[in-house]
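S.K.: need coordinates for the following:
(chains A and B)
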2 protein chains.
Amino acid sequence: MVLEKVLAAIDGNLDKSVERLFSLLRIESVSTDPAFAKNCLAAAEWLAKELSSLGLDSSVRATKGRPMVVAHTKEHGSGPHVLFYGHYDVQPADPVELWQTPAFEPQVRTVGGRKVIVGRGAADDKGQLMTFVEALRAFVEIEGKAPLRVTILLEGEEETGSPSLAPFLEANREELKADVAFVCDTDMWNDTTPAITTMLRGLLLEEVVIKAADRDLHSGLFGGAAINPIRVLGRIIASVHDGQGRIAVPGFYEGAGELAPEITAQWRALDFSESKFLGEIGLSAPAGEKGRHVLEQIWSRPTCDVNGIIGGYTGIGSKTVIPAQASAKFSFRLVGDQNPVAIREAFRHFVRSQLPADCKAEFHSHGASPALQLPLDSPYLKKARETLAAEWGVPAVLKGSGGSIPIVGNFKRDLGMDSLLIGFGVDDDRIHSPNEKYNLSSFHKGARSWARLLDALRS
Amino acid sequence: MVLEKVLAAIDGNLDKSVERLFSLLRIESVSTDPAFAKNCLAAAEWLAKELSSLGLDSSVRATKGRPMVVAHTKEHGSGPHVLFYGHYDVQPADPVELWQTPAFEPQVRTVGGRKVIVGRGAADDKGQLMTFVEALRAFVEIEGKAPLRVTILLEGEEETGSPSLAPFLEANREELKADVAFVCDTDMWNDTTPAITTMLRGLLLEEVVIKAADRDLHSGLFGGAAINPIRVLGRIIASVHDGQGRIAVPGFYEGAGELAPEITAQWRALDFSESKFLGEIGLSAPAGEKGRHVLEQIWSRPTCDVNGIIGGYTGIGSKTVIPAQASAKFSFRLVGDQNPVAIREAFRHFVRSQLPADCKAEFHSHGASPALQLPLDSPYLKKARETLAAEWGVPAVLKGSGGSIPIVGNFKRDLGMDSLLIGFGVDDDRIHSPNEKYNLSSFHKGARSWARLLDALRS
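M.R.: Reported below is the predicted structural model:
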C-alpha cells in the first residue's frame, strides 16, 4: 500500500517538516510595507527552491507588487490536474510588544495541553501551504514523483487584497488552468473536526444617494414644509426588511434556493452555541430571518445590511439644517443562483418606487458578484469527504462562508475551475493578531489529509 | 400736533439721516474676524457719541468679545419703559469680487424703480437700528427730549452667536429691565406691507446614538445574525411621522394649540405663493402635515427633522462592516405651550420602546427652549398694529418665525420682558450676501413708524 508508506513518511519526517516551516516563518514577508519587499522576494525564492528540490519546475514570477511562485510537477501519476493555491505573505507583527516570543522566531510550545507552532504566518498561511508541500514531498520520497499532475501557485499579496492576482491569472491562463483548485486558507470546524467550505455568499454593493432641495436649508425657516432626505432614507431603510426579517425587495429570493436536507441536518447537529457566537461580540439574540438557525443566517441565507450612512451635520453639537442629500451604502449577501444584476435593478426600482415628490435617487454600484457553491455531487468533494473522514475519524463539516474569498471567484470566472476549500486552521489561531499559532496536529494531519486526497484522486 | 411735527422733522432730515447711516456703514465692524475688533470698537464709539448727542447717557461697555453700547434717556415723557435692541456688527463682505460697488462705501442707487441704500450692514442691522435712532432724534428736535423712557442696547456679536449677551444681561439685569423690548432685526411682509413677528417656534435638539455589538463587525461573517444599528435607526426615523405627516411621539401635540381664527384668515389671504416659496429651493410640494397651509407648516406648527446622521463606513467605495453604533441629530420645532422637557422625555421613551434586543440608546441634549408668543391682546401689540397701519396704509401682517431669535428668549427668561419684533427689511435685501441693500422707503418710513409707536405709547 503506497498510501500507508506515504503517511508513514509524513509521520517520520514531522520534526524536519517543522524545521522547514520554521525557516519559512523566519522570513519577514510582510506584504503591506514596502520596506519588507525584499523579505517577500526571499520567501518566494525559498519556496521556489524548496519546490525545485521536490522535482518541480519552479519559478519566481515578477508582478507589479510582490512576486508569484509557480511550480509544475514534471513527473507525476495520472488523474486530474490540480492547482494548489496558498500565500506566503503575512500580516505585520504589530503590536510587537504583545507577542510572548518574537513574531519571527517561531517555536513549538505546549499551550492548554496542545502542541502549537507559534509565529507570524504559522496559520495564515505559511503553515497551511506547507501541509501540501510536505504531502507532495512524501510522495516524491516514496514513489519518486508526484501522484498527480500538480501546479502550485503561491502569491505574496493576499494580505493586501491581491491586486496582481487577476492580471496574473489572465496573462497565464493556459499555464494555470487545471481541473480543480485546492485552496488552503480556511479553518476546520474545531481542533478535531475537519471542514470543507462549499458555499461562499455573493455580494452586491449599492450606494444610494437621496437628493431633494437644491441646497441645504435652515430647518427653522423650512422645517415642516421641505422634504428631508434623511427622513426619506430612513423610511427606505425601514422598508427593506419585513417583520420576519425577510427582505421585501420584490423578486429578491428568486434563485436563493434551500439547503439540501443533508446539510441542514448536519448544521443543526453541530456543537454550535448561538449564545457563545453572539456573546463574543456583545450580543445575545440572532437578529436575522426568523425561524432560521444562526448558521443558516450567516452561511446560506441572503441578507441586506446598511454598511454606512451619512447626511447633514455630523460634527459636535447641533446645526439646524435640512440637508440637500443623504446617502447610504447597502450590501446584499447572495446565495445559490441569485442574480446580482437582476437584484440590483429590483432594488433600484424598489427605492425609486418609494420616493416622495421632489426626491431623486442616485445609485453607485460598488460591485456585484454571485454566490459560489461547490455542487454536492462534485466528484472532488466526494473524495475529499471520504479522505478527511478517514484521516480525522469524523465526517467533515460542509460549511459556508458569509464573507467572500475573492480567489475562488477568480478561479471560477477566469479559469473556469471549482475550488475545494480545505484548511486546518482553528478559531483560536489568532491570525492577524499577536501570538498567532497553528496546531501541530493541524500541520501534521493536514499533510496526511492532502496525501490521502491526492492518493484517492489518482486514476 | 406734536406727532406731525416729529414726522415732518424725519422727512426733512432724511438726507442727513442717510449721511449719518453712511458714516456708520463705512466702519468695517465685522465681528467674526478678530482683525476687525478695532473697527467694531469704532462702530460702538460712533453710536455712543451719536446717542450722547441726543441727550442720552451713553456708554461703551467691554465684554470678553465685542463691546456693548448702552444708552438711557435722561429726560423723557411718561409711559412704559422701552428697551430697544439692535446690533452694529456685520457679516464679512466676502466674496468681495461680487459686489458691484465696494461693500463699505455705501451709496444710494435706484434699482428696479426703488431707491435703495447699498452696503454691508445696510439692512442687517445698521440701517434698521438707525430707524429708531432717527425717530428719537426727531422727538429731541421737536420736544427737547424723548417721548418715553428708553434704554438702548446695541450689541456687536449678533453675527457670531451673541456669546456675551446672556452674561451681560445677567450682570446688568436691573439696568436693562424695561416694560417691553423692541427688537429691530426682522422683515416686512413685502416692500409696502409691514409685519410684526409675534410667534417664534421653540427648539428641542436631541442626539440619539444607537449601540449594538461591542465592536464593528464584518458584514460577511455576521450579516444575517447580528443586529445593525443603522437599520434600527432607520426604523426609528421612519416611525417618528405618521402617514399624515404628524409626529407619532405620544403626547407630542399637548399644548401645541391652534392659531386664532383671525390669524389663520390673515395668513390664508396673504399673497403668498407656495410654488414660488418652494420653487426657489428646487422643490414643488409641501412635505409637512397634510391639510395645513405652508405658512402654518413653517410658522405655527411643530415639526421634527433629522439634521444629521452618521454610522459605519462613509468614505469612497465600500466596506463590508456592520457598525457598532449609528447616530442621528433630531430637532423639534415647538409652538404654543408645548413643553420641551416633557417632549424630550416622551421622545426618549418613544425611541427606547422601539429598541430590539441587544440595542441601547444614548441621548445627548443640545438644547431645549419653548416657543415664544406675544399674546394677541398685548397692549404693545395693539398700539403697534394701529400705528403701523397708519404709517403704511395697510394692516401689519402678524407673522411667525420658524427659526429662533435667541435674544427674544433671553429677554423673556432673563429680564421677564415680551419683545415686539418689528423690522423693515424685505426678502431681497441680500443680507449676508454681496450687494446687501436696504430700501430707502424702509429706512424713511421705518423711522416714521417708530415715531408713531413711541407717540402712541406715551400716557
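
S.K.: how far does stretch A:47-64 stretch from start to finish?
M.R.: Across stretch A:47-64, the terminal residues are separated by 20 Å (Cα to Cα, to the nearest Å).

S.K.: look up how far residue A:288 lies from residue A:170.
M.R.: Distance, residue A:170 to residue A:288, by Cβ to Cβ, to the nearest Å: 37 Å. Every C-beta, even on glycine, is put in place using the N, C-alpha and C of the backbone.

S.K.: neighbour count winner among those two?
M.R.: residue A:288 (23 against 12; other Cβ atoms under 10 Å in any protein chain shown).

S.K.: hang on, that one packs against residue B:224?
M.R.: Yes. Counting by Cβ atoms under 8 Å, residue B:224 is a contact partner of residue A:288 at 4.2 Å.

S.K.: which residues are in contact with each of those two?
M.R.: Residues touching both residue A:288 and residue B:224 (Cβ atoms under 8 Å, 6 or more residues apart in numbering or on different chains) are A:297, A:298, A:301, A:303.

S.K.: would you turn those into TSV with secondary structure, neighbour count and pLDDT?
M.R.: Formatted as TSV, those follow (DSSP: H, G, I helix; E, B strand; the rest coil; neighbours: other Cβ atoms under 10 Å in any protein chain shown; pLDDT from 0 to 100):
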residue	secondary structure	neighbour count	pLDDT
A:297	helix	23	95
A:298	helix	26	94
A:301	coil	28	96
A:303	strand	27	96
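
S.K.: what kind of secondary structure is residue A:58 in?
M.R.: What DSSP: H, G, I helix; E, B strand; the rest coil gives for residue A:58 is strand.

S.K.: surely it is in contact with residue A:44?
M.R.: No. With contact defined as Cβ under 8 Å, residue A:58 does not reach residue A:44; the gap is 9.9 Å.

S.K.: the two: who's more crowded?
M.R.: The neighbour comparison of residue A:58 against residue A:44 (other Cβ under 10 Å) goes to residue A:44, with 26 against 21.

S.K.: hmm, back to that, of the shared contacts of residue A:288 and residue B:224, closest to residue B:428?
M.R.: Comparing the shared contacts of residue A:288 and residue B:224 against residue B:428 with Cβ to Cβ places residue A:303 closest, at 52.9 Å.

S.K.: please export the C-alpha coordinates of the host helix or strand of residue A:410 as CSV.
M.R.: Using DSSP states H and E, residue A:410 falls within helix A:406-415. This file holds the C-alpha atoms of helix A:406-415, laid out as CSV (Å, rounded to 0.1, in the frame of the first residue of the first chain):
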residue,chain,number,x,y,z
PRO,A,406,-12.0,36.6,-3.9
ILE,A,407,-9.6,34.0,-5.2
VAL,A,408,-12.4,31.5,-5.6
GLY,A,409,-14.3,33.9,-7.8
ASN,A,410,-11.2,34.5,-9.9
PHE,A,411,-10.6,30.7,-10.4
LYS,A,412,-14.3,30.3,-11.3
ARG,A,413,-14.6,33.3,-13.6
ASP,A,414,-11.1,33.5,-15.1
LEU,A,415,-10.1,29.8,-15.2
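
S.K.: need the next SSE after it, C-terminal direction.
M.R.: Downstream of helix A:406-415, the next assigned helix or strand under DSSP H and E is strand A:419-422.

S.K.: need the residues that contact that next one.
M.R.: Strand A:419-422 is contacted by residues A:85, A:180-186, A:194-198, A:372, A:374, A:380-381, A:384, A:388, A:401, A:405, A:407-408, A:411-412, A:449, A:453 when judged by Cβ under 8 Å, 6+ apart.

S.K.: quick one: the spatially most central residue of chain A from chain B, how far?
M.R.: For chain A, the residue nearest the mean C-alpha position is residue A:405 (3.4 Å; Cα atoms, centre = their mean). Distance, residue A:405 to chain B, using Cβ to the nearest Cβ, to the nearest Å: 10 Å.

S.K.: average model confidence for the helix or strand where residue A:19 lies?
M.R.: Here residue A:19, judged by DSSP H and E, is contained in helix A:14-25. The average pLDDT within helix A:14-25 is 98.
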